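[1] okay, sequence plus prediction incoming.
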Amino acid sequence: MSDQHDSGELLTIGEVSQRTGVATSALRFYEELGLIGSTRTAGNQRLFARHMLRRVALISVAKRLGIPLSDVHSVFAAVPMDRPPSQKEWQTASRGWKRQLEERRREIEQLERELTGCIGCGCLSMKACALLNPDDELASTGAGARRLGTFKD
């Protein structure tokens with residue numbers, strides 16, 4: 001991040017933590033991942049531009065919704081870090097995020113349909129389920145949840 005900000009626009013990591021409710025360790029981690037940025041003083045103290053508060057708030061929302069930080073990173077690619085983003089730049093990022101959320105919603109709805117059918121049949125066994133896993137075909141694809149993430153309408 002550039003050093004072109006007035007000192008009144010810069011916040012210490014403690015101030016950002018206090019304003020956002022996000023631990024300083026998490027803020028350092030987000031910076032390490034390139035989700036937020038700071039400048040450094042001569043004494044190596046992190047100073048964050050005020051517009052980073054919005055990024056931190058969106059990261060917090062994404063985290064609460066279970067959205068991976070890698071997805072947040074890709075959405076933030078359209079949002080500059082060295083200056084306050086324009087409304088158009090935020091709108092571009094929002095459209096990308098909306099597409100990801102719509103896909104996630106479709107996957108959850110498909111999972112809900114699958115689970116309702118599975119639980120509704122009464123067998124409760126993925127090994128013996130003739131509907132979702134005939135002849136235990138999924139066993140050959142490996143251990144763990146094999147159907148999650150493969151749902152397509």
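    Noted; the coordinates are in hand. Numbers count the residues shown, from 1 in each chain.

[2] what about the chain, any weak spots by pLDDT?
    Counting by pLDDT under 70, the ranges of the chain that qualify are 1-8, 116-135, 138, 144-153.

[3] mind redoing it with 50?
    Across the chain, the ranges flagged by pLDDT under 50 are 1-5, 151-153.

[4] strands of that one, residue ranges please.
    10-12, 39-40, 46-49 (DSSP state E).

[5] any idea which of those strands is most buried?
    Ranked by mean neighbour count, the strands of the chain are led by strand 46-49 with a mean of 23 (mean count of other CB atoms under 10 Å). No exception for glycine: its C-beta is placed from N, CA and C like everyone else's.

[6] strands paired with that strand, and their directions?
    Strand pairing for strand 46-49, using DSSP bridges, gives strand 10-12 (antiparallel), strand 39-40 (antiparallel).

[7] identify whichever of these lies nearest to residue 54.
    Across the strands paired with strand 46-49, the minimum distance to residue 54, taken as CB to CB, is reached by strand 10-12, at 12.5 Å.

[8] contact partners of the closest one?
    When contacts are defined by CB atoms under 8 Å, 6 or more residues apart in numbering, strand 10-12 is touched by residues 19, 39, 45, 46, 47, 48, 49, 50, 52, 53.

[9] could you do stretch 49-58 as well?
    By CB under 8 Å, 6+ apart, stretch 49-58 touches 1, 5, 9-11, 16, 19-20, 22, 27, 30, 35-39, 72, 76, 79, 81, 83-85.

[10] ignoring the adjacent residues along the chain, who's closest to residue 76?
    Closest residue in space to residue 76, ignoring its immediate chain neighbours: residue 35 at 6.2 Å, by CB to CB, 6 or more residues apart in numbering.

[11] thought the one you found was touching residue 74?
    No - if you go by CB atoms under 8 Å, residue 35 and residue 74 don't touch, sitting 10.7 Å apart.

[12] more neighbours, the two?
    The residue with more neighbours, out of residue 35 and residue 74, is residue 35; 21 against 14, by other CB atoms under 10 Å.
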